[in-house]
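S.K.: What shape does this take:
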Amino acid sequence: MAPLTSHHLLPPFAEGIKTAPLVSVSLAKLESGDKEASDAFFRACRELGFFYLDMLGSELGEKIVSEAEQLNAFQKEFFKMPYEVKDKYGRPHLDPFYAYRYNDLDVKDENGVTVRAESYNLRKDDIRGLCERLACPPMILENQELFNNYVVHCRAAIDCLLEHLNTHLELPAGTLANLHRINERSGDHVRLVQAPPSTFNEARAQRSITVLFNWLGGLQIRVPDTIEWVYVRPIPGSCVVNLGDAMVKFTAGLLRSNIHRVVPPVGEQASEARNSLVFFSRPEDAVVLKRLKGGLIDAQPVEENGEAPMTAHEWIMAKGTGQLPGVYTKKGFEWRENDERLKNAPALLTGMPKVVASSA
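M.R.: Prediction:
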């Protein structure tokens, strides 16, 4: 039987480095209502906020894996386009957050051209026809069906996770699902990512359910209550899922969002360009990010911090345009310690604790 993924075609993940203690949760078992799998999933959401979602054995999961492999092949071709072509579909002239984005690296190619770390954010609302579509390269339109299927299937898996969370949190039926309806405007998007081989640079290490497919190492998470960074090993047939700011806010810190970043892979993988495929699921644009009522959340301490309320759309635009360079955790908003804006936080964060996320 042919391998389901392409991991075997790449150099192996480096041995002898410390890796993150992620648990693996079976999507097939969650779909069937398996209590042990559901309990393990909820513990992971409370203790680390990261886990592997094993797609194998699930018809839905294996569709997602297949589509992720197709999109990974697509993005490798996409990023081969000349910079001047991709720049036509970039920010800020199209959108401050979506479309083509890049960071110049301190590296030049054989022609003396500065090398870029690149990404492309493609809105779910564009893919689903819920808004006037941003201009995009013809390649994307030619693969509309693939993108649509991937969005629909990722959202189906996420809806399954939301249902289990809703049950464990003892919220009224449909509470979380009704904040994340697929055919309502939201910040859901597919992100294509390519980073060329480069040396590690602490200042460039980068930081709400998120579905991530990696083929090479490089993702790191910070071990809770420490300053230690550990690598996340890519597992064929599994994606990495992490909770984000919205789930922390909705549950008054009962669920966890964990600091993470991306650095160059090590070992034999260091010479390879690193591609990632990310699906971000956000609450609907109009949803205010605040504590929900009911169930276990009502037992959480009430903390008044004077934080101005923000809608999901306001939050994603603030984070996506660099105004909030960190992550919202149980401690509050954790800034990266090397960010100069820590000295003068935006007005949006008035009253929010300025906890520093160490990069040591």
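S.K.: Give the other helices and strands that the helix or strand hosting residue 40 contacts.
M.R.: According to DSSP states H and E, residue 40 maps onto helix 35-47. Applying 3 or more Cβ pairs under 8 Å, 6 or more residues apart in numbering; DSSP states H and E, we find helix 35-47 packed against strand 24-26, helix 27-31, strand 50-54, helix 144-168. Yep, even glycine has a C-beta here, placed from its N, CA and C like the rest.
S.K.: doesn't residue 211 make contact with residue 155?
M.R.: No. Contact between residue 155 and residue 211 fails when scored by Cβ atoms under 8 Å: they sit 9.5 Å apart.
S.K.: Need the overlap of contacts for those two.
M.R.: Jointly contacting residue 155 and residue 211 under the rule Cβ atoms under 8 Å, 6 or more residues apart in numbering are residue 281.
S.K.: what about the residue of the chain most remote from its centre, which SS state?
M.R.: Residue farthest from the centre of the chain, counting by Cα atoms, centre = their mean, is residue 111 at 33.7 Å. Secondary structure, DSSP: H, G, I helix; E, B strand; the rest coil: residue 111 is coil.
S.K.: returning to that earlier point: pull the residues that contact the helix holding residue 40.
M.R.: 22-23, 25-26, 29-30, 50-51, 161, 164-165, 167-168, 224, 243, 247, 254-256.
S.K.: which of those residues are buried?
M.R.: 22, 25-26, 29-30, 50-51, 161, 164-165, 168, 243, 247, 254-256 (16 or more other Cβ atoms under 10 Å).
S.K.: coming back round to it: give me the phi and psi for the residue farthest from the centre of the chain.
M.R.: Per-residue torsions, residue 111: phi -100, psi 10 (degrees, to the nearest 10).
S.K.: cool, residue 72 as well?
M.R.: phi -70, psi -40.
S.K.: what does residue 317 give?
M.R.: phi -70, psi -40.
S.K.: which ones are touching the nearest residue to it once chain neighbours are set aside?
M.R.: Once flanking residues are discounted, residue 317 sits nearest to residue 97: 6.0 Å by Cβ to Cβ, 6 or more residues apart in numbering. The neighbourhood of residue 97, defined by Cβ under 8 Å, 6+ apart, consists of 91, 121, 316-317, 320-321.
S.K.: can you give me the helices for the stretch 101-250 of the chain?
M.R.: 124-127, 138-142, 144-168, 245-250 (DSSP state H, counting those that start in this stretch).
S.K.: what comes up buried for the longest one?
M.R.: The reference is to helix 144-168. 147, 149-155, 157-166, 168.
S.K.: What helices and strands are in contact with it?
M.R.: Partner elements for helix 144-168 (3+ Cβ pairs under 8 Å, 6+ apart): helix 27-31, helix 35-47, helix 59-78, helix 124-127, strand 189-195, strand 209-214, strand 274-281.
S.K.: One more: the first one?
M.R.: In terms of contact count using 3+ Cβ pairs under 8 Å, 6+ apart, helix 124-127 is assigned the packing partners helix 144-168, strand 189-195.
S.K.: Any idea which of these gets closest to residue 238?
M.R.: helix 144-168 (12.0 Å; Cβ to Cβ).
S.K.: and the angle for the closest one with strand 209-214?
M.R.: Interaxial angle of helix 144-168 relative to strand 209-214 (axes from the mean of the first three to the mean of the last three Cα atoms, to 10 degrees): 130 degrees.
S.K.: what about the stretch 201-350 of the chain, any weak spots by pLDDT?
M.R.: 201-208, 304-307, 320, 322-350 (pLDDT under 70).
S.K.: where along it do the strands fall?
M.R.: With strands called from DSSP state E, counting those that start in this stretch, the stretch 201-350 of the chain shows them at 209-214, 219-222, 229-231, 238-242, 260-262, 274-281, 326-329, 332-336.
S.K.: which of the ones you listed sits most buried?
M.R.: Between the strands of the stretch 201-350 of the chain, strand 238-242 has the highest mean count of neighbours, a mean of 25, where neighbours are mean count of other Cβ atoms under 10 Å.
S.K.: would you turn the helices and strands packed on helix 144-168 into CSV with distance to residue 298?
M.R.: Listed next are the helices and strands packed on helix 144-168 as CSV, based on distance: least, Cβ to Cβ, whole Å:
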stretch, distance to residue 298
helix 27-31, 26
helix 35-47, 16
helix 59-78, 33
helix 124-127, 32
strand 189-195, 33
strand 209-214, 23
strand 274-281, 25
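S.K.: so which of these gets nearest residue 15?
M.R.: Per Cβ to Cβ, nearest to residue 15 of the helices and strands packed on helix 144-168: strand 209-214, 17.1 Å.
S.K.: Give me the nearest residue to residue 289, chain neighbours excluded.
M.R.: Using Cβ to Cβ, 6+ apart, the closest residue to residue 289 is residue 249 (4.6 Å).
S.K.: Tell me if I'm right that the one you found and residue 288 touch.
M.R.: No. Contact criterion Cβ under 8 Å: residue 249 and residue 288 do not qualify, at 9.3 Å.
S.K.: Tell me the spacing between residue 185 and residue 125.
M.R.: Distance, residue 185 to residue 125, using Cβ to Cβ, to the nearest Å: 6 Å.
S.K.: Using a markdown table, lay out the strands of the stretch 201-350 of the chain together with distance to residue 35.
M.R.: Shown next, in a markdown table, are the strands of the stretch 201-350 of the chain (distance: least, Cβ to Cβ, whole Å):
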| stretch | distance to residue 35 |
| --- | --- |
| strand 209-214 | 21 |
| strand 219-222 | 27 |
| strand 229-231 | 30 |
| strand 238-242 | 19 |
| strand 260-262 | 29 |
| strand 274-281 | 25 |
| strand 326-329 | 28 |
| strand 332-336 | 33 |
